[in-house]
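Visitor: Predicted structure and sequence below. I'll ask about it afterward.
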Amino acid sequence: TIPRHGVIEVEGRSIQKASTDAIVSAGIVQVPQGRGTFPELTVADNLLAGAYVRRDGAKAIAEDISKWYSVFPRLQERALQRAGSLSGGQREILLIGRALVGNPRLLLIDEPTEGLAAIVIEDIFKILCQMKSQLSAVIVEQNLSIVSKLADRVFLMKAGKVERTISEKAE
């Protein structure tokens, strides 16, 4: 949906009417709420799908997938398993891994810990901490204790508007 007010720009260019391919090609990748994997595809094929806009060759993509397997060893263990058979936490980790295979410059993550067990939330938190130095992310999350430890800036929003700034670390 196109917003009613304001402008969405990346490096000075509006992306409001851009196609999904153009937005992803600009380096913006979303990890949607709801564990949106391709359930009939294997874990490996889901990760490969994250590279669909990359033009740097199969070898570079395979190297990146291998790198993310080292970060997400459970995904490597389940590489040939259908994504639809994974637990909710494993699917969330797969979504993050799939997004990262696309080499994003900005990652948009919607409710990554919703409905997950505490141990899985801890794993996802560790992954997000590892990613922090590698790329920028906007995380929508209701678990304030997690985001306040992770984020440089935390904004409390209500009905789509910033209600107040909870923390803002110096840059």
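Guide: Sure, I can see it. Numbers count the residues shown, from 1 in each chain.
Visitor: So which residues of the protein form helices?
Guide: Secondary structure of the chain (DSSP state H): helices at 20-25, 43-49, 58-71, 73-77, 88-101, 118-132, 144-150.
Visitor: Please identify the deepest-packed of these.
Guide: Highest mean neighbour count of the helices of the chain: helix 88-101, a mean of 23 (counted as mean count of other CB atoms under 10 Å). For glycine as for every other residue, the C-beta is placed from the backbone atoms N, C-alpha and C.
Visitor: can you pull the buried residues of the helix or strand bottoming out on mean pLDDT in the chain?
Guide: None of the helices or strands of the chain scores lower by mean pLDDT, DSSP states H and E than strand 161-168, at a mean of 77. Residues of strand 161-168 classed as buried by neighbour count (16 or more other CB atoms under 10 Å): none.
Visitor: what does stretch 99-111 give?
Guide: Residues 99-104, 107-111 are the ones in stretch 99-111 that count as buried (16+ other CB under 10 Å).
Visitor: Which residues outside that stretch are in contact with it?
Guide: For stretch 99-111, contacts defined as CB atoms under 8 Å, 6 or more residues apart in numbering pick out 10, 24, 26-33, 47-48, 50-54, 61, 64-65, 68, 96, 128, 131, 135-142.
Visitor: Could you give the bridge partners of the spatially most central residue of the chain?
Guide: By CA atoms, centre = their mean, the mean C-alpha position of the chain lies nearest to residue 31, the distance being 3.9 Å. Beta bridges link residue 31 to residue 109, judged by DSSP bridges.
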